[in-house]
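J.: Give me coordinates for this.
(chains A and B)
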Amino acid sequence: MAEILALVEHRQGSLRDVTFELMSCGRKLAENLDTRLTAVLLGHNTGEFADDLKTQAHRILVLDDERFKDFNSESYQQALSQVIKSENPVITLIGHTAFGMSLCPALGAQLDIPSSTDCLDIEMNDGGLKVIRQMYEGKLDARVRFRESPSYLVTIRTGCFPAEDGNLQAEIVSSDLKAAEPQHLKFIEYLEAAVGDVDITKADVVVGVGRGIKEKENMAMVEEFAGMIGGVVACTRPIVDAEWLPKDRQVGSSGKTVKPKLYIALGISGAFQHTAGMKGSDTIIAVNKDPDAPIFGEADYGIVDDLFKVLPALRDKITELKQ
Amino acid sequence: MNIVVCIKRVPQTADAQVRVDSSGKDIEKERLTFDLNESDAYALEQAVLFKEQSGGTITAVSVGHPDTEDTLRMVLAKGADTAIRIKAEDFDELDGYKTAQILKTVIEKAEFDMIFTGCMATDDGYYQVGVNLAQLLGIPHATLVSSIEIGDGAARIKRELEGGLLEHDEISLPALFSVQTGINVPRYASLIAIRKAAKKEIAAVGQDDIDKDALVLNTQIEELFVPPVTKRAEIFSGTPEEVSGKLADMLNEKGLI
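T.: Residues are numbered from 1 along each chain as shown, chains lettered A, B, ... in the order given. Reported below is the predicted structural model:
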């Protein structure tokens, strides 16, 4: 059986967590298919990365070039397409991240390899390759079957395959492939998001607001409630898009990760992009009028009702208790 | 600047009950409302902003069923000049890649400097069509774009990475940008514009114009199902006063307030 490839992801000199998740996924697949897992490491001066990954794969294929120091979808695509052509892997695993979203569909179209994105689980047997993906904003899952092909590309959602200690001894192999100078895309720099006056990652109590808050005017009520219980207000992406709160209050995959003692989700449906940033909280309470909202799958306690009725009542009860 | 915007009409499922239909592979659509996909609204607005700045035309393209014409009319009312519906009903089952192949056959005939798409559709969540399309057209792309400044033959863009970090890149034109929500504030169409758009013709392209047999379907939905419950919140029930009382007591006992 041809091998499994998994792309190592790193940024600003550190391996990203998703790398270890991909290796866990890749090892499971390799075991089931009785084949080997190769970690593909594109970077510059990557010795330390290779050391950290040594137990995670059977082989680490290293492409060392200054042009690979920072992710560039053009030069990464150029190099990875060469690797896939020469290695003929049965499956290439890439993280469903800002990098993977650019890379995987481009590689698939370039190499005419079927690809699927944002997969939660993956299964390969006599029936071919099948993946589980979420659809309709997390309300349904789909089992998706691929057309028959000697090679497949899959991006894996972060958090679906827990990182585990490996027990392998990787052979480290340097590839002769060299990076081409990108013609169309030039990486300039990373920019850190502006830092505001409130650091939501340091708070013990976070009150998260989602689309269910409906109007900007209703934000005051939430601010008041959060203040009363010694918490800070955070939010989902649509609230930032509407400019009701600054970007540094956004919780989720493209925002901050918070792990407070108490997280109260108000009018938040619970899209993966948000819950990725709050599911590590000690106690999660959700108020949402939609009983099917995925947030109730993350919360410890839930109230299925209109937040505009619950919040004032809750405020009054807490005031009573505090007297 | 001539701009192509790819859009999709999608069911609004965030606050709706979503049920699997009798085929097991699709959803019951009768009780759902449909509208322009969220990030596509931002893609359209970005095109309109550039057109207002420096002229040119906007062509909106969608692979969709006949009711997509309503969505395309709204897109015309918000500032697109022409609209093309590619008849989804002519092309059987679609996935992200097949949609991109179909879009390519139409867009390669157009003159464009930029293509805008939303970064993902809220129904199937592929994050795939835009990048596939760019690759098939042989032009560079950027995903999750949260800012674009156009210069001479190139654009400076910012794209959103995880954890609030931004990546600043330069990309040569023509290029495809799949935009993230929040890149701008999408406008509402005026009543006058909506009335004007109602009279505009929407071009339809179908299997007579596109070689159906050349299209590849990579993936097929075998089954849709309700996600298995691994954890379920303990639900407090009662009137708002009752549930608030229970919740406040619980928080108090746990020393959380």
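J.: use CA for all of it now, contacts and neighbours both
T.: Will do.
J.: Which residues of the stretch 51-200 of chain A lie near chain B?
T.: Applying C-alpha under 8 Å from any C-alpha of the partner chain, we find that the stretch 51-200 of chain A lies next to chain B at A:74, A:97-99, A:101-102, A:105-106, A:108-110, A:114-118, A:134-137, A:139-147, A:184-193.
J.: All the helices of the stretch 151-257 of chain B, in order from the start?
T.: Counting by DSSP state H, counting those that start in this stretch, the stretch 151-257 of chain B has helices at residues B:191-199, B:240-253.
J.: just the CA coordinates of stretch B:64-81, formatted as PDB?
T.: Only the C-alpha atoms of stretch B:64-81 are listed here, as PDB (Å, rounded to 0.1, in the frame of the first residue of the first chain):
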ATOM      1  CA  GLY B  64     -28.100  27.600  -9.100                       C
ATOM      2  CA  HIS B  65     -31.700  26.500  -9.600                       C
ATOM      3  CA  PRO B  66     -34.300  28.800 -11.100                       C
ATOM      4  CA  ASP B  67     -35.000  30.600  -7.800                       C
ATOM      5  CA  THR B  68     -31.400  31.800  -7.800                       C
ATOM      6  CA  GLU B  69     -32.700  34.500 -10.200                       C
ATOM      7  CA  ASP B  70     -34.300  36.200  -7.200                       C
ATOM      8  CA  THR B  71     -30.900  36.300  -5.500                       C
ATOM      9  CA  LEU B  72     -29.200  37.500  -8.700                       C
ATOM     10  CA  ARG B  73     -31.700  40.300  -9.000                       C
ATOM     11  CA  MET B  74     -30.900  41.500  -5.500                       C
ATOM     12  CA  VAL B  75     -27.200  41.400  -6.500                       C
ATOM     13  CA  LEU B  76     -28.000  43.500  -9.500                       C
ATOM     14  CA  ALA B  77     -29.900  45.900  -7.300                       C
ATOM     15  CA  LYS B  78     -26.800  46.200  -5.000                       C
ATOM     16  CA  GLY B  79     -24.500  47.200  -7.900                       C
ATOM     17  CA  ALA B  80     -23.700  44.300 -10.300                       C
ATOM     18  CA  ASP B  81     -24.100  45.200 -14.000                       C
END
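J.: Tell me which of the helices of the stretch 151-257 of chain B sits nearest to chain A.
T.: helix B:240-253 (4.6 Å; C-alpha to the nearest C-alpha).
J.: picking that back up, need the buried ones from the residues of the stretch 51-200 of chain A next to chain B selected in ChimeraX.
T.: To isolate the buried members of these in ChimeraX, using 16 or more other C-alpha atoms under 10 Å in any protein chain shown:
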select /A:74,97,98,99,101,102,105,106,108,109,110,114,115,116,117,118,134,135,136,137,139,140,141,142,143,144,145,146,147,184,185,186,187,190
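J.: one step back: comparing the helices of the stretch 151-257 of chain B, which stretch has the densest surroundings?
T.: Here the criterion is mean neighbour count by mean count of other C-alpha atoms under 10 Å in any protein chain shown, and of the helices of the stretch 151-257 of chain B the winner is helix B:240-253, at a mean of 18.
J.: Next one: whichever residue of the stretch 1-150 of chain B sits closest to chain A from A:E223, what distance?
T.: Going by C-alpha to the nearest C-alpha, chain A is nearest to B:D123 of the stretch 1-150 of chain B, at 4.4 Å. Here the criterion is C-alpha to C-alpha, to the nearest Å. By it, B:D123 lies 33 Å from A:E223.
J.: So for those two, which residue has more residues nearby?
T.: B:D123 (21 against 15; other C-alpha atoms under 10 Å in any protein chain shown).
J.: is it true that the residue of the stretch 1-150 of chain B closest to chain A touches A:Q134?
T.: No: contact criterion C-alpha atoms under 8 Å: B:D123 and A:Q134 do not qualify, at 9.3 Å.
J.: mind listing the helices for the stretch 201-323 of chain A?
T.: A:219-228, A:237-241, A:272-275, A:307-322.
J.: Those helices: which one's closest to A:V8?
T.: Nearest of these to A:V8, taken as C-alpha to C-alpha: helix A:272-275 at 21.9 Å.
J.: Which elements pack onto that closest one?
T.: Using 3 or more C-alpha pairs under 8 Å, 6 or more residues apart in numbering or on different chains; DSSP states H and E, no helix or strand is in contact with helix A:272-275.
J.: I'd like the distance from it to the chain centre, please.
T.: Put simply, helix A:272-275 sits 9 Å off its chain's centre (C-alpha atoms, centre = their mean, to the nearest Å).
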